[in-house]
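> just the structure for this:
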Amino acid sequence: MRDIALIIHFIGLAMGLGTSFAFMFLGKAAQKMEPTERAPFMGKVLVLSRMGHIGITLLFLSGIYLIVPYADVLLEMPLLLTKLILFVILGALVGILSKTGKRALAGDPSQFLKMAKIGRFSMLTSLIIVVLAVLVFH
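The predicted structure follows:
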């Protein structure tokens with residue numbers, strides 16, 4: 001059962017982190033567009049955020065199962081504890097990004113700039129989580 005949970009966890013990781021990378025590259029492409037084309041383009045690619053939400057949900061659900069054996073020693077594993085705290089922060093950032101995206105789609109294109117800033121921070125947070133996971137479980 002643990003192997004299935006790990007597979008689900010890695011699929012969630014690919015979906016979540018893949019969404020961040022996709023938005024980074026699509027944002028670079030959008031910067032080269034005319035301002036009148038940029039907002040409609042970014043509005044259309046926001047559909048990718050659904051993939052990120054599914055990924056983070058898979059990470060959360062499989063992570064609960066995978067963390068159970070470490071529950072008794074969690075406080076003795078500072079890297080794992082830091083990873084879990086960063087995951088909670090990442091969840092909050094994803095929520096903020098979703099809310100900001102809805103505002104952008106509702107007609108406030110300035111929200112796309114705000115999303116870019118938050119997106120960079122969430123991607124950095126995701127990468128740190130991956131590094132911590134490798135350090136904890138190598």
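
> so who does the residue nearest to residue 11 when sequence neighbours are not counted touch?
Computed as CB to CB, 6 or more residues apart in numbering, the closest residue to residue 11 that is not its neighbour in sequence is residue 58, at 6.0 Å. C-beta here means a position set from N, CA and C on the backbone, and glycine is covered the same way. Taking CB atoms under 8 Å, 6 or more residues apart in numbering, we find residue 58 in contact with 8, 9, 11, 12, 15.

> how deep is residue 133 tucked in, by neighbour count?
Residue 133 has 17 neighbours, counted by other CB atoms under 10 Å.

> tell me the phi and psi of it?
Main-chain torsions, residue 133, degrees, to the nearest 10: phi -60, psi -40.

> do residue 90 as well
Dihedral pair for residue 90: phi -60, psi -40, per degrees, to the nearest 10.

> what's the closest non-adjacent residue to it?
Residue nearest to residue 90 in three dimensions, not counting chain neighbours: residue 125, with 4.9 Å by CB to CB, 6+ apart.

> can you check residue 103 too?
In space, and not counting its chain neighbours, residue 103 is closest to residue 111: 4.6 Å by CB to CB, 6+ apart.

> contact partners for that neighbour?
Neighbouring residues of residue 111 by CB under 8 Å, 6+ apart: 100, 101, 103, 104.

> likewise for residue 123?
17, 20, 21, 24.

> now flag whichever of the residues you listed is closest to residue 34.
When the contacts of residue 123 are ranked by distance to residue 34 (CB to CB), residue 24 comes first, at 20.7 Å.

> quick one: residues contacting the closest one.
By CB under 8 Å, 6+ apart, the contact list for residue 24 reads 119, 120, 123.
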